[in-house]
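Asker: quick check, what structure comes out for this input:
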Amino acid sequence: CNIYYYRANYLVIMALIYTFFFFRNPFAFVSIMLSGFSLLCLNDSFATSASEQTTRVIRKVNPALAAKLRNQGTNTHLHVSAARRRTQVLILGFKKMYVVVGLLAVSALGLYITNALYTLLFSFLVAFGVIFSHASMRTPNLKARLASAREEFRAVWRGYNDYTI
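Answerer: Here you go, the predicted model:
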């Protein structure tokens, strides 16, 4: 029952182990974060918010580029219906699916080159191995000992009550 009582400590141990493994291979962390970001861009509200925030940053750095990206996203074709213009989500002036597929392709290449999945798998194995070995070798704390002794006493007491009838 040590996992219940020491779960905050085990969470810190897991974070330290992941930090160590990703310090060894920082580009693996970047490629995993990029793949997570590209999957988050599938959500329309997240994609719109990310596009707006990125456009604001670009506007501060290079206003001409921000204006070009903003104009690229407007539909100037008259034959496009109003319903289609409303449902189409653009990220920096490009269709959302093109951006997502491009980001996924770059992140897949990064995952392959950096062996990020091996780093992640090995860090999971080491983290859970350390936690479960510590939890199994550590003696239970006083509260757990008292609880188990109380349960044993109740079980014995119930056994005596069954025979006294």
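Asker: nearest residue to the middle of the protein?
Answerer: residue 36 (7.2 Å; CA atoms, centre = their mean).
Asker: what helix or strand is that residue located in?
Answerer: Assigned by DSSP states H and E, residue 36 belongs to helix 26-40.
Asker: so which elements touch that helix?
Answerer: The criterion is 3 or more CB pairs under 8 Å, 6 or more residues apart in numbering; DSSP states H and E, and the helices and strands that helix 26-40 contacts are helix 96-114, helix 116-137. All C-beta atoms are positioned from the backbone trio N, CA, C, and that covers glycine.
Asker: want to throw these into CSV with mean pLDDT, distance to residue 53 and mean neighbour count?
Answerer: Below are those laid out as CSV (pLDDT from 0 to 100; distance: least, CB to CB, whole Å; neighbours: other CB atoms under 10 Å):
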stretch, mean pLDDT, distance to residue 53, mean neighbour count
helix 96-114, 94, 14, 15
helix 116-137, 90, 26, 15
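Asker: so which of the ones you listed is nearest residue 9?
Answerer: helix 116-137 (8.9 Å; CB to CB).
Asker: wait, doesn't residue 119 sit right on residue 28?
Answerer: Yes: using CB atoms under 8 Å, residue 119 is in contact with residue 28, at 4.6 Å.
Asker: give me the common contacts of those two.
Answerer: residue 22 (CB atoms under 8 Å, 6 or more residues apart in numbering).
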